[in-house]
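>>> structure for the following, please:
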Amino acid sequence: MATVTASTPRALPTGLLKHRAVHKLLLIALAAAILVPLANAQWASGSWPAALTVDLTKPLSGASDWIIDNRDSHPLFLYFFGYVSNAVVISVHAVYVVLLGAGWAGVTALGALVAWRVAGVRLALGTTAAFLACGLLGMWVPTMQTLALMVVAVLASVVVGVLLGLAAGLSGRMDRILRPVLDTMQVMPAYAYLLPVVLVFGMGVPAAVLATVVYAAPPMARLTALGLQCADKEVLEAVESLGTTARQRLLTARIPLARKELLLGLNQTIMMALSMAVIASVIGAAGLGDRVYQALASVDVGAALAAGIPIVLLAVVLDRVTGAAGDGTEGHGRAGWAYALAGTVVVAVAGRLLGRLDWPDSWTLNIAEPVNRAVDWMTNHLYSGVPVIGGTADWAGHFTTWVLDPVRDGLQGLPWWSVLLIVATLAWLIGTWRTALTAVLAMAAIGVLGVWTPALDTLSQVLAAVAVTLVLGFATAVAAARSDRVERMLRPVLDVFQTMPQFVYLIPVVALFGVGRAPAAAAAVVYALPAVVRITTQGLRQVDPAAMESSRSLGATSWQQLRQVQLPLARPALLLAVNQGVVLVLAVVVIGGLVGGGALGYDTVFGLAQGDLATGLVAGAAIVCLGLMLDRVTQPTERRPGKGA
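Numbering: from 1, shown residues only. From the prediction side, this is the model:
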């Protein structure tokens, strides 16, 4: 007995030392013991050394001048970008002409009949009400302009996203290559690449469509890849045992098994494309976005809401119709579709014969005045002086003082080399040395670009907003995953939050919280929360029912099932939710710069407003580097046997 007792303590440290995480920690501690004194002796200050920065102003200004000088003569512009621009213009114009030719009655009938064929009477009535509401708000023509633009942009985004998702889902190497590309597409603020897009394509529809595709395609690509990677291996093995080719397995097994993820990707693409409507209006895209932008320029929240509501309605209709079409719950016989098409033609022709193509001016409602009165009331009664809980201004002040300021001061107070060491440690602990190297290089690139201090300010805001988003998002998703009623109630709310242009709720946010970093964080949370809730809910609901039933039969409580079964099995979806929370919060950094967020967001907006390509692109590139670093720190990388540590 004495021998056994004595040998046990000696075995425990040996087992711990063999643990991969402990091994990494020991190596990190050894490296820190050697490097920290050297770095502290060489660079004792916290700021990034000026000697290690590179000024990109001259080369970027030169590139801008070259584009302007050669835009009308160089073959690249004449025979490539020119054809792309013409194809986009023709496509959007063709869709718009068809919509105007059908008239308001024909478009409404088409939407209702398509909804009826794919989902039934209830969705048909909802679609009819949505289109009629667009007319009642006096926004019929802008709605058709936006719808034409979005049809082309969403189709292009889906095609690009599916192709990228197929490449990433079928090849681990392509997945690793495309991840930073998708991060760049989604995290790069629209304001940062609007200027080069305008330089190449000029102001107008082509630039707006391209900017929308860059922003809206990544969710489709990510969810397509996720669906292919998470396909049931037993089903794939069964199909392979039948002697099928790789192409047959893809078409008959992988893609059908990934249907839910594909539909969710389509949903997210539609939502994000429509959320770009206002930003696209900055570079000359007409439609609802332009009405919102003009209204907010005069601080008219009511008029902005009147144009923002149709954007939400379009998103809801397209989401419901495409989702129902993918589910295949209703009949899709050719005869039924022929009747629907015939009915649309009859209604459109009748409207033309009666001279009712345009929405009657007398059939409009003015909601601007009551909305503005409501905003004034909220500002007067909720901003300050609320008993017990305090006003919204107090909340913003406490959040800034207790959260944002300490995090920012803590990050900026650290020596720059210690920040790199922390990033390397976190990335290596959950990934490989390649992951850590990528994260460190991304963070170091920010210093090289000369924006180290404002980048740490932005990082503090992002960390705070992501933390709030994940806490609220995961709690809400758990409730939605466990109750169909809660999910049905949340769905329209999430649609509104995700599709309502940020500019529309930016003024109420500023009215309630004031100007500063707190309202910027609030806007980011509102924008990123719906995607986190949707993806997490989807992952929790797709947990194998057999695993849930087995745990229930063993007497597991509801909390134990969630903690020990659902969350571990939904890990890929949870990691994707974290990723989307990070990138969507970063996407709103620029919007936060408009309301006092400062830092990189303000630099990006300033670059676009002043036509300063260097300032805008450098700040945008720094935001992308932050996104790449946060992705590597939060997304575990699988370790391949025998390679890497």
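
>>> which residue is nearest the centroid of this structure?
Nearest to the mean C-alpha position of the chain, by CA atoms, centre = their mean, lies Leu584 at 4.3 Å.

>>> show me what contacts the residue nearest to that one when sequence neighbours are not counted?
Leaving aside its chain neighbours, Leu584 sits nearest to Ala528 (3.7 Å; criterion: CB to CB, 6 or more residues apart in numbering). C-beta: built from backbone N, CA, C; applies to glycine. Counting by CB atoms under 8 Å, 6 or more residues apart in numbering, Ala528 makes contact with 465-466, 469, 473, 580-581, 584-585, 588.

>>> buried stuff in the helix or strand where Ala528 lies?
For Ala528, the host element (DSSP states H and E) is helix 517-541. For helix 517-541, a neighbour-count test (16 or more other CB atoms under 10 Å) marks 517-541 as buried.

>>> buried residues in the helix or strand that contains Ala153?
Assigned by DSSP H and E, Ala153 belongs to helix 140-170. In terms of neighbour count (16+ other CB under 10 Å), helix 140-170 has its buried residues at 140-154, 156-158, 160-162, 164-169.

>>> pull the distance from the helix holding Ala528 to the chain's centre.
Helix 517-541 has its C-alpha centroid displaced from the chain centroid by 9 Å (CA atoms, centre = their mean, to the nearest Å).

>>> again with stretch 510-522
21 Å.

>>> start to end distance for it?
End-to-end distance for stretch 510-522, by CA to CA, to the nearest Å: 10 Å.

>>> what average pLDDT does that stretch get?
The pLDDT scores in stretch 510-522 average 77.

>>> again, but for stretch 406-417
Stretch 406-417 shows a mean pLDDT of 84.

>>> list the buried ones in it?
Residues of stretch 406-417 classed as buried under the neighbour-count rule (16+ other CB under 10 Å) are 407-408, 411-412, 415-417.

>>> alpha carbons only: can I get that stretch in PDB?
Extracted in PDB, the C-alpha atoms of stretch 406-417 (Å, rounded to 0.1, in the frame of the first residue of the first chain):
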ATOM      1  CA  PRO A 406     -10.300  50.600 -18.800                       C
ATOM      2  CA  VAL A 407     -10.000  48.200 -21.800                       C
ATOM      3  CA  ARG A 408      -8.600  50.900 -24.100                       C
ATOM      4  CA  ASP A 409      -6.200  52.300 -21.500                       C
ATOM      5  CA  GLY A 410      -5.100  48.800 -20.600                       C
ATOM      6  CA  LEU A 411      -4.300  47.900 -24.200                       C
ATOM      7  CA  GLN A 412      -2.600  51.200 -25.000                       C
ATOM      8  CA  GLY A 413      -0.600  51.000 -21.800                       C
ATOM      9  CA  LEU A 414       1.000  47.700 -22.700                       C
ATOM     10  CA  PRO A 415       4.300  47.700 -24.600                       C
ATOM     11  CA  TRP A 416       3.700  46.800 -28.200                       C
ATOM     12  CA  TRP A 417       5.800  43.700 -28.000                       C
END
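
>>> starting at the chain centroid, how far to that stretch?
28 Å.

>>> then stretch 175-183?
Counting by CA atoms, centre = their mean, stretch 175-183 comes out at 15 Å from the chain centroid.

>>> what comes up buried for that stretch?
175, 178-180, 182-183.

>>> so which of those residues sit within strands?
Using DSSP state E, no member of the buried residues of stretch 175-183 falls in strands.

>>> ok, those vs Asp484, which is closest?
Leu182 (32.2 Å; CB to CB).

>>> with pLDDT added, can I get the contacts of Ala528 in CSV?
Output for those, formatted as CSV (pLDDT from 0 to 100):
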residue, pLDDT
Ala465, 88
Val466, 89
Thr469, 90
Gly473, 87
Gln580, 81
Gly581, 85
Leu584, 81
Val585, 83
Val588, 75
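
>>> the residues you listed: which two are farthest apart?
Using CB to CB, the two most remote members of these are Gly473 and Val588, lying 14.9 Å apart.

>>> now the helices for the stretch 201-350 of the chain?
Listed in chain order, the helices of the stretch 201-350 of the chain (DSSP state H, counting those that start in this stretch) span 205-229, 233-241, 246-249, 255-257, 259-275, 277-281, 288-297, 301-327, 334-353.

>>> would you turn these into a markdown table with distance to Gly103 and mean neighbour count?
What follows is those, written out as a markdown table (distance: least, CB to CB, whole Å; neighbours: other CB atoms under 10 Å):
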| stretch | distance to Gly103 | mean neighbour count |
| --- | --- | --- |
| helix 205-229 | 23 | 26 |
| helix 233-241 | 48 | 12 |
| helix 246-249 | 44 | 12 |
| helix 255-257 | 38 | 16 |
| helix 259-275 | 23 | 24 |
| helix 277-281 | 23 | 27 |
| helix 288-297 | 19 | 22 |
| helix 301-327 | 17 | 22 |
| helix 334-353 | 4 | 14 |
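
>>> name the next helix or strand following the longest helix seen in the chain along the chain.
With secondary structure taken from DSSP state H, the chain has its longest helix at helix 82-119. Toward the C-terminus, helix 82-119 is succeeded by helix 121-136 as the next helix or strand (DSSP H and E).

>>> now the angle from that next one to helix 140-170?
130 degrees (axes from the mean of the first three to the mean of the last three CA atoms, to 10 degrees).

>>> and helix 121-136, what does it pack against?
helix 82-119, helix 301-327 (3 or more CB pairs under 8 Å, 6 or more residues apart in numbering; DSSP states H and E).

>>> ok, 10 Å please
Here helix 121-136 touches helix 82-119, helix 140-170, helix 301-327, going by 3 or more CB pairs under 10 Å, 6 or more residues apart in numbering; DSSP states H and E.

>>> mind listing what's buried along it?
For helix 121-136, by 16+ other CB under 10 Å, it's 123-124, 126-128, 130-136.

>>> hang on, Phe399 packs against Ala518?
Yes: contact criterion CB atoms under 10 Å: Phe399 and Ala518 qualify, at 4.9 Å.
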